[in-house]
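*Asks:* Next come a sequence and a model predicted from it.
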There are 2 protein chains.
Amino acid sequence: MNTDPYRVPAGQQVKLSNWDTHEAGGLDKAVARLRMEELSAALADWQEKLYAESKQSLLVVLQARDAGGKDGVVKKVIGAFNPNGVHIANFKVPSEEERAHDFLWRIHAQVPRQGMIGVFNRSHYEDVLVTRVYNLIGREEAEQRLDHIRNFEALLSDSGTRVVKFYLHISKGEQKERLQARLDEPDKQWKFNPGDLKDRAHWDDFTHAYETALATSTADAPWYVIPADRKWFRDLLIAQILVETLANMNPQHPALTYDPSAVTVV
Amino acid sequence: MNTDPYRVPAGQQVKLSNWDTHEAGGLDKAVARLRMEELSAALADWQEKLYAESKQSLLVVLQARDAGGKDGVVKKVIGAFNPNGVHIANFKVPSEEERAHDFLWRIHAQVPRQGMIGVFNRSHYEDVLVTRVYNLIGREEAEQRLDHIRNFEALLSDSGTRVVKFYLHISKGEQKERLQARLDEPDKQWKFNPGDLKDRAHWDDFTHAYETALATSTADAPWYVIPADRKWFRDLLIAQILVETLANMNPQHPALTYDPSAVTVV
């Protein structure tokens, strides 16, 4: 499977209506399951080397509309890693203390240290999405923030942290089905937030805000638009992109600082 | 399987030489594998409720000698949870900033928030183990620290955080085999730390220090001594204790703040 078509080329203005939400790379679910097992093993292998090497780190940014599948990706894809090497940051509505700092302050504090894989379940991009849709900031301030985000991600890249960003792209009909399922199934009712309907009513505004955010795609911190109506394809595609990213980073077991043949365990 | 015999009774002085490292509860590996699948599913179910409820939290403390299996437990047992609800803290040698505070300062900062499962891979107990063995602190200071630890864990218990502590108990022979394997297998050589041999040479001193630490077992923050020579039994026993602990905490989906039947998704 070629993952290039899902990457937003640097500098390109995206029109999300041109990106399919439902396609599945010509694969079926049974093939995908087998492939997912291979990819999960590859993810675990690469992570072990990343951890052993402890020179680089990987930051995975997950953004989506409500019910877009962020939590599913964490469970199914990130779950393939050894939990010891993973740090997940869930960014919720900022606290008073967080609001008393610049918008990247709380984000910076959560970036992964060397050897680690960091996952942002929501991220600094919320600060140009929900804030923009509800006019908490103007267009100019949003543009300024996007510049700050570019600079911040360049700092991370230059310091050994590879950034890879996923927008989980679902259709309006798919979101309706998923929200309805949360209402209908007793075990899922706690997940439903009536506020989600407000965001849904601003569907097109969010589309536009996402299109603006996706313009921060660069070679070192690319955005991928993931067709996410079918959960199994969403997970498979992200797993494959992460394997490719880690292979490209190519972490290696570190040089030994001792001579194993000279050591005796008594 | 009755897990009571593995729990250190509150107030009891433990003699580790009386605790078997190699036993396996009369089980064999094939039975254990099936049972582990059931327990993993139960762990995931309970965690989902803990997360949904968001009133209580669980703190799992892992302590062991080198090659005792802490990382294996994280991978195999903690790996059963949804990574989104897990926070793992790896405590290494304290930084200058950390040493400029009381020994519980950096620990307190890492306790799990409501709804989360926290895992301490090494913990505040290092501050009465390695420090005591190498005489960085005297016996009196160690006793004082143990009192502070009791008070700290009582604060957590009283605030909705259940604490459960595992000492992974391996034999000296088993440690030798595992360290030797790290020397012999190229993929594992990065894990070997020549300093581990120094600790090994102080085997009995560490035994004594652990026995002192295990005296902090209470009803609300119990220590379990886990026979850990056989990895599959170690994992199974810990998984079962965690299921029992979570069942006892009995988290529930929260009461709804809206009426699902009154909501329409348009």
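*Replies:* Nice, thanks for sending it over. Residues are numbered from 1 along each chain as shown, chains lettered A, B, ... in the order given.

*Asks:* Show me what counts as buried in the helix ranked longest in chain A.
*Replies:* Longest helix of chain A, by residue count under DSSP state H: helix A:29-53. Neighbour-count burial for helix A:29-53 flags A:32, A:36, A:39-40, A:42-43, A:46-53 (criterion: 16 or more other C-beta atoms under 10 Å in any protein chain shown). Using the backbone N, CA and C atoms, a C-beta is placed for each residue, glycine as well.

*Asks:* Stretch A:203-217 too?
*Replies:* Buried-residue list, stretch A:203-217, by 16+ other C-beta under 10 Å: A:205-206, A:209-217.

*Asks:* and stretch A:71-80, anywhere near chain B?
*Replies:* Yes. Using C-beta under 8 Å from any C-beta of the partner chain, stretch A:71-80 reaches chain B at A:71, A:74-75, A:78-79.

*Asks:* pLDDT on that stretch, on average?
*Replies:* Stretch A:71-80 carries an average pLDDT of 97.

*Asks:* Strands of the stretch 151-266 of chain A, start to end?
*Replies:* For the stretch 151-266 of chain A, strands defined by DSSP state E, counting those that start in this stretch occupy the ranges A:161-169, A:223-227.

*Asks:* Minimum distance to residue B:106: which of those strands has it?
*Replies:* strand A:161-169 (23.1 Å; C-beta to C-beta).

*Asks:* name the helices or strands packed onto the closest one?
*Replies:* strand A:57-64, helix A:70-76, helix A:139-158, strand A:223-227, helix A:231-249 (3 or more C-beta pairs under 8 Å, 6 or more residues apart in numbering or on different chains; DSSP states H and E).

*Asks:* Just put the buried residues of stretch A:203-217 in JSON lines and tack on distance to chain B.
*Replies:* Listed next are the buried residues of stretch A:203-217 as JSON lines, based on distance: C-beta to the nearest C-beta, whole Å:
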{"residue": "A:205", "distance to chain B": "16"}
{"residue": "A:206", "distance to chain B": "16"}
{"residue": "A:209", "distance to chain B": "21"}
{"residue": "A:210", "distance to chain B": "21"}
{"residue": "A:211", "distance to chain B": "24"}
{"residue": "A:212", "distance to chain B": "26"}
{"residue": "A:213", "distance to chain B": "23"}
{"residue": "A:214", "distance to chain B": "24"}
{"residue": "A:215", "distance to chain B": "29"}
{"residue": "A:216", "distance to chain B": "25"}
{"residue": "A:217", "distance to chain B": "25"}
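
*Asks:* Export those as JSON lines, with columns for pLDDT and distance to residue B:104.
*Replies:* Output for those, formatted as JSON lines (pLDDT from 0 to 100; distance: C-beta to C-beta, whole Å):
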{"residue": "A:205", "pLDDT": "97", "distance to residue B:104": "48"}
{"residue": "A:206", "pLDDT": "97", "distance to residue B:104": "44"}
{"residue": "A:209", "pLDDT": "97", "distance to residue B:104": "44"}
{"residue": "A:210", "pLDDT": "98", "distance to residue B:104": "44"}
{"residue": "A:211", "pLDDT": "97", "distance to residue B:104": "48"}
{"residue": "A:212", "pLDDT": "96", "distance to residue B:104": "46"}
{"residue": "A:213", "pLDDT": "97", "distance to residue B:104": "41"}
{"residue": "A:214", "pLDDT": "97", "distance to residue B:104": "45"}
{"residue": "A:215", "pLDDT": "96", "distance to residue B:104": "46"}
{"residue": "A:216", "pLDDT": "97", "distance to residue B:104": "41"}
{"residue": "A:217", "pLDDT": "97", "distance to residue B:104": "44"}
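
*Asks:* Those residues: which two are farthest apart?
*Replies:* A:205 and A:217 (20.9 Å).

*Asks:* Include mean neighbour count and distance to residue B:245 when you put the helices and strands packed on strand A:161-169 into a markdown table, please.
*Replies:* Listed next are these as a markdown table, based on neighbours: other C-beta atoms under 10 Å in any protein chain shown; distance: least, C-beta to C-beta, whole Å:
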| stretch | mean neighbour count | distance to residue B:245 |
| --- | --- | --- |
| strand A:57-64 | 24 | 30 |
| helix A:70-76 | 21 | 22 |
| helix A:139-158 | 15 | 38 |
| strand A:223-227 | 23 | 37 |
| helix A:231-249 | 20 | 31 |
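
*Asks:* Dump those into TSV; add distance to residue B:93 as well.
*Replies:* Below are the helices and strands packed on strand A:161-169 laid out as TSV (distance: least, C-beta to C-beta, whole Å):
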stretch	distance to residue B:93
strand A:57-64	20
helix A:70-76	31
helix A:139-158	26
strand A:223-227	38
helix A:231-249	27
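
*Asks:* Read off the pLDDT value for residue A:194.
*Replies:* Looking at residue A:194, its pLDDT is 88.

*Asks:* right, is stretch A:235-253 up against chain B?
*Replies:* Yes. Stretch A:235-253 is in contact with chain B by C-beta under 8 Å from any C-beta, via residue A:253.

*Asks:* List the contacts of that stretch.
*Replies:* Outside stretch A:235-253, the residues that touch it by C-beta atoms under 8 Å, 6 or more residues apart in numbering or on different chains are A:1, A:3, A:6, A:25, A:27, A:32, A:35-36, A:39-40, A:42-43, A:46-47, A:49-50, A:52-53, A:55-56, A:58, A:60, A:72-73, A:76-77, A:80, A:162, A:164, A:166, A:224, A:226-227, B:187, B:189-190.

*Asks:* Let's see that with 6 Å instead.
*Replies:* Applying C-beta atoms under 6 Å, 6 or more residues apart in numbering or on different chains, the contact partners of stretch A:235-253 are A:3, A:32, A:36, A:39, A:42, A:46, A:49-50, A:52-53, A:56, A:73, A:76-77, A:162, A:164, A:166, A:224, A:226, B:190.

*Asks:* next one: that stretch to chain centre, how far?
*Replies:* Computed by C-alpha atoms, centre = their mean, to the nearest Å, the separation of stretch A:235-253 from the middle of its chain amounts to 13 Å.

*Asks:* What's the mean pLDDT across it?
*Replies:* 98.

*Asks:* Restrict that stretch to CA atoms and write it as CSV.
*Replies:* The C-alpha trace of stretch A:235-253 is given here as CSV (Å, rounded to 0.1, in the frame of the first residue of the first chain):
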residue,chain,number,x,y,z
ASP,A,235,-6.0,1.7,11.9
LEU,A,236,-4.2,-0.1,9.2
LEU,A,237,-3.2,3.0,7.3
ILE,A,238,-1.9,4.8,10.5
ALA,A,239,0.0,1.7,11.5
GLN,A,240,1.7,1.5,8.1
ILE,A,241,2.6,5.2,8.1
LEU,A,242,4.1,4.8,11.6
VAL,A,243,6.2,1.8,10.6
GLU,A,244,7.4,3.8,7.6
THR,A,245,8.2,6.8,9.7
LEU,A,246,10.1,4.7,12.3
ALA,A,247,12.0,2.9,9.5
ASN,A,248,13.0,6.2,8.1
MET,A,249,14.2,7.4,11.5
ASN,A,250,16.1,4.1,11.6
PRO,A,251,16.9,3.9,15.4
GLN,A,252,19.6,1.4,16.3
HIS,A,253,20.7,-0.4,19.4
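
*Asks:* what does stretch A:81-100 contact?
*Replies:* A:47, A:51, A:106, A:110, A:112, A:116-122, B:71, B:74-75, B:78-79, B:83-84, B:86, B:88.

*Asks:* how far does that stretch sit from the chain's center?
*Replies:* The answer for stretch A:81-100 is 13 Å, by C-alpha atoms, centre = their mean.

*Asks:* Same question for it: list its buried residues.
*Replies:* A:81-91, A:98.

*Asks:* Report the two of these separated the most.
*Replies:* Among the buried residues of stretch A:81-100, A:82 and A:98 lie farthest apart (C-beta to C-beta), at 30.0 Å.

*Asks:* Quick check: residue A:133 touching residue A:207?
*Replies:* No. Residue A:133 is beyond contact range of residue A:207, at 9.9 Å (criterion: C-beta atoms under 6 Å).

*Asks:* ok, residue A:220 touching residue A:157?
*Replies:* Yes. Counting by C-beta under 6 Å, residue A:220 touches residue A:157, with 4.0 Å between them.
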